[in-house]
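In: let's see this in three dimensions:
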Amino acid sequence: MTFTAIDFETATAYHPCSVGIVTVENGVIVDEFVTLIKPPKNEYSPYTIAVHGIYPRDTMNAKTFSQVYPEIQKRLENRVVVAHNESFDRNVLAKSMALYGLNYADLNIASRWECTVKIYKSKGIVPTKLSDCCREMNIKLNHHEALSDARACAKLYMLR
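Out: The predicted structure follows:
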């Protein structure tokens, strides 16, 4: 039970404004990382702000994705990666890396990650939003806060 769970919050489309990463070794959380990320031109959609409550003023002085990437890389490289709705978070990572000229293949991770949505859907939990799965499994969640979401995803994966 060794893996890394990740969650991105986005400012627009696939441009992250926050990332939370939880590292699990032998079924124990051994590292947690969270940071704000300044999206390109520090632009936000009103919809995403309404979802996570992160505003341009919050990321005005934050590091860019390329500046945060070394922290992401050291936590994901050569790991099993887990996310809730993995295609979304995987695309945020891949598209952000491409934007900054970083090669996704260099991470040496699967082209598709482990997905707690798919796992819990197969268990018959409907709907499979993170908040629904956490309620069903009695996991504490501050939804749409990147570290809380990543931690909840890690716990869901360990309980699968």
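
In: so how far is whichever helix or strand Lys118 is part of from its chain's centroid?
Out: Secondary structure assignment for Lys118, by DSSP states H and E: helix 116-122. Taking C-alpha atoms, centre = their mean, to the nearest Å, the mean C-alpha location of helix 116-122 is offset from the chain mean by 16 Å.

In: run through who's touching that helix.
Out: For helix 116-122, the surrounding residues in contact (C-beta atoms under 8 Å, 6 or more residues apart in numbering) are 82-86, 128, 130, 133, 136, 153, 156-157, 160. The C-beta positions use only the backbone N, C-alpha and C, and glycine is treated the same way.

In: which of these are buried, as a ChimeraX select command?
Out: The following ChimeraX line selects those of those that are buried, judged by 16 or more other C-beta atoms under 10 Å:
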select :82,83,84,85,86,128,130,133,153,156,157
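
In: check the contacts of helix 116-122 and tell me the two furthest apart.
Out: Farthest pair in these (C-beta to C-beta) is Glu86 and Glu136. Separation: 19.1 Å.

In: follow-up on the earlier one: quick check, nearest of the contacts of helix 116-122 to Val19?
Out: Ala83 (11.1 Å).

In: gap between the closest one and Leu156?
Out: Distance of Ala83 to Leu156, given as C-beta to C-beta, to the nearest Å: 11 Å.

In: for this structure, which segments count as helices?
Out: Using DSSP state H, the helices of the chain run over 46-52, 56-59, 65-76, 86-99, 116-122, 130-137, 146-159.

In: got those helices as a markdown table, with distance to Asp106 and mean pLDDT columns?
Out: What follows is the helices of the chain, written out as a markdown table (distance: least, C-beta to C-beta, whole Å; pLDDT from 0 to 100):
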| stretch | distance to Asp106 | mean pLDDT |
| --- | --- | --- |
| helix 46-52 | 28 | 98 |
| helix 56-59 | 26 | 98 |
| helix 65-76 | 8 | 98 |
| helix 86-99 | 9 | 98 |
| helix 116-122 | 26 | 98 |
| helix 130-137 | 29 | 97 |
| helix 146-159 | 22 | 98 |
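
In: out of those, nearest to Pro39?
Out: It's helix 56-59; of these, that one is closest to Pro39 (C-beta to C-beta) at 6.7 Å.

In: buried residues in that closest one?
Out: Neighbour counts over helix 56-59 (16+ other C-beta under 10 Å) mark Asp58, Thr59 as buried.

In: can you list contacts of it?
Out: In contact with helix 56-59 (C-beta under 8 Å, 6+ apart) are residues Ala11, Cys17, Leu36, Ile37, Lys38, Pro39, Asn42, Glu43, Tyr44.
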